[in-house]
Structure formats: C-alpha cells, structure tokens
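Novice: prediction below, plus the sequence it came from.
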Amino acid sequence: MDLSVALYIVPTPIGNLGDLSPRALEVLNQVALIACEDTRHSGKLLSHFGIDTRTTALHDHNERARAQWIVERLGKGEAIALISDAGTPLISDPGYHLVSHVRAAGYPVIPLPGPCAAIAALSASGLPSDRFSFEGFLPAKDKGRQDKLLALREDPRTLIFYESPHRILPSLKSLVEVLGPDRQMVMARELTKTFETFLCGTTAEVLAQVEADANQQRGEIVLMLHGFVSEEADETPAAALDTLKLLCDELPLKKAAAIAAQIHGLKKNALYKKGLELGW
C-alpha cells in the first residue's frame, strides 16, 4: 500500500492486542513518523508488533506547539500517524488542535476505524444506543461533578462517561445523589482484557456492588446511564407491558417490574404502579 501524504488517525488496542487491525499495522509501518501521546507507553506496543517507525511525543502540554512542526513535515511529503495510549485518538485524548491545524493547512486527515472503549461498552450494555452523549471524564471535585450531572439530569439520551479507579466510588455516589438511586446504569470495566466485567442495575445497586468488591474499583472504567424518562409520561410502551405480564405469570409483581424495567429502560416504580392498576 502506497500512503498518500496525510495525517492518519490510527486507533490502537484498549487491551487485547489482537484488536490492532491489519490496515493499522500497515499504516504504522509505512508512515515516516508516529505522533504518540506517550512514546514510552506506545513504544511497548510498537515493539510487540516489530514496528520501528520513528516516534515523537504529542500530548496536552505540547500539542499546539508541535502541530506546526508536523504540518512542516507534511509539507516535505511525509505521511504521519497519530496514536493515543489506547483506543481512538481524540476521544478523551489529545489530537483536536493537531487535526484542526492540519486541515487548516490544507492537508488530508484520514481516519482508520478501530477500538474505542465508549462504543464497545455501549454496544454490549443493553441500554438505548440510538441516541447517546459521550461526556468524557467527570470533574474530579465534588462540586464540579455534581454541577455537571445536574446539567445532564434531564437529558433523554444515554450518557457515557469514562472514570478512573481512584474516583469511581465518589462518582457513583454522585450519580445516586444527583440522578437518583433508581436510574438504570451499566458499568463496564477492563474491556477486552482478562477481567472484563459488566455490572448492570440501578445506580444504587451498582454502587453497592462496587463498594462490596475492591476488584471492581480497579482498571479502566466506562459508566453508562439510561437517559431521563419523565415521571409525567402517561403511556407505558406496549412491549414493556407485554414483558411485565409474562413475567408476572411466574414472579411477584415487584420482581417482575424490576426485570421488565431493566429490559426496556424504564423506571421500575412506574411499571410496578402500572401492574397494580391492572391487577397483576
């Protein structure tokens, strides 16, 4: 493959090294330079695949200054790749200023599809995926985190956040406090790795599971929250009522309502109330 002079956005594995695509491998071998978020971290990945392409650091602290130097390299006819520590560059990682600068200079930016923790987690979450909002990392301080969640509390889209191990408990507590203990959520941890885990339930239930198991407080974490559902909504979807009725044939109404709510992304109290109204 002969590479055009361009900036190539190359996703790298988020855990399982088998997820590096053949095209990504080919591009990384053929470009003149690879811009890395952390050259030491990426050096291990590149060494594993026998890639000896020259690397340069491009991170939050030097990106603006480095962007012009990379444009000059493109002007000399060199193809350049951008990678982050893991996953797709620019998704909560550096690269925005570089891409903007390269496009403004008139050079093409060519994206390669590949690993992204947010999309991988959403695809397996069981939460609505037709509309979602990726919000990156929640603020580290309690006040900032609560203000952020307050602004999103009535957003009807599925909300996706990244979180670090040392902040997972404070963040889960904020989710319970601001979004309520009954909001449906999924916590995905260590995606594609040996200890990949999905915890599903209400915010209060997931918090309880994480508090009880120190292992759930480790690794790379994605938090996903069901979008806001108005309490004033009069109509319960027919499919949810059908599910509830079937479950009620075998289970107590309270348990049936909890399961049906999780399946359809509704509030279990609303389904429980509807079941009572219908005499189930």
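Specialist: Structure's in. What do you need?

Novice: going by C-alpha atoms from here, please, whenever you check contacts or count neighbours.
Specialist: Noted.

Novice: wait, a helix at residue 161?
Specialist: No: read with DSSP: H, G, I helix; E, B strand; the rest coil, residue 161 is strand and lies in no helix.

Novice: element containing residue 118, please.
Specialist: helix 117-123 (DSSP states H and E).

Novice: could you give the average pLDDT over stretch 2-9?
Specialist: Averaged across stretch 2-9, the pLDDT comes to 95.

Novice: who's in contact with that stretch?
Specialist: Contact with stretch 2-9 is made by 27, 30-31, 74, 77-83, 88-89, 99, 102, 107-112, as judged by CA atoms under 8 Å, 6 or more residues apart in numbering.

Novice: please list the members of these that lie in helices.
Specialist: Among the contacts of stretch 2-9, the subset assigned to helices under DSSP state H consists of 27, 30, 74, 99, 102.

Novice: so what's the first one up against?
Specialist: Taking CA under 8 Å, 6+ apart as the contact definition, residue 27 lies against 3, 8, 81.

Novice: ok, it to residue 82 distance?
Specialist: As judged by CA to CA, to the nearest Å, residue 27 and residue 82 stand 10 Å apart.

Novice: next one: the third one
Specialist: For residue 74, the distance to residue 82 (CA to CA) stands at 13 Å.

Novice: right, and out of the ones in helices among the contacts of stretch 2-9, which lies closest to residue 217?
Specialist: Checking these against residue 217 with CA to CA, the nearest one is residue 99 at 34.4 Å.

Novice: for that closest one, which residues are in contact?
Specialist: 7, 109.

Novice: can I assume residue 105 is in contact with residue 71?
Specialist: Yes: if you go by CA atoms under 8 Å, residue 105 and residue 71 touch, sitting 7.2 Å apart.

Novice: who has more neighbours, the two?
Specialist: Neighbours of residue 105 and residue 71, each counted by other CA atoms under 10 Å, are more numerous for residue 71; the result is 23 against 14.

Novice: doesn't that one fall inside a strand?
Specialist: No: applying three-state DSSP, one finds residue 71 to be helix, outside a strand.

Novice: ok, and the closest non-adjacent residue to it?
Specialist: In space, residue 71 comes closest to residue 102 once its chain neighbours are excluded; the distance is 6.0 Å by CA to CA, 6 or more residues apart in numbering.

Novice: hmm, back to that, of residue 74 and residue 82, who's got more company?
Specialist: residue 82 (27 against 20).

Novice: for that one, which residues are in contact?
Specialist: 7-10, 34-36, 89, 95.

Novice: what of residue 166?
Specialist: Residue 166 neighbours (CA under 8 Å, 6+ apart): 217-218.

Novice: for residue 172, see how far away it is.
Specialist: 12 Å.

Novice: and if you look at residue 32?
Specialist: From residue 32 to residue 172 the distance is 44 Å (CA to CA).

Novice: for residue 118, same thing?
Specialist: 18 Å.

Novice: same drill for the two, tell me which one is more crowded.
Specialist: residue 118 (23 against 20).

Novice: domain parsing for the chain?
Specialist: 7-111, 117-229, 232-278 (the TED database).

Novice: what's the least confident stretch among those?
Specialist: domain 232-278 (a mean of 86).

Novice: pull the distance from it to the chain's centre.
Specialist: Distance, stretch centre to chain centre, for domain 232-278: 29 Å (CA atoms, centre = their mean, to the nearest Å).
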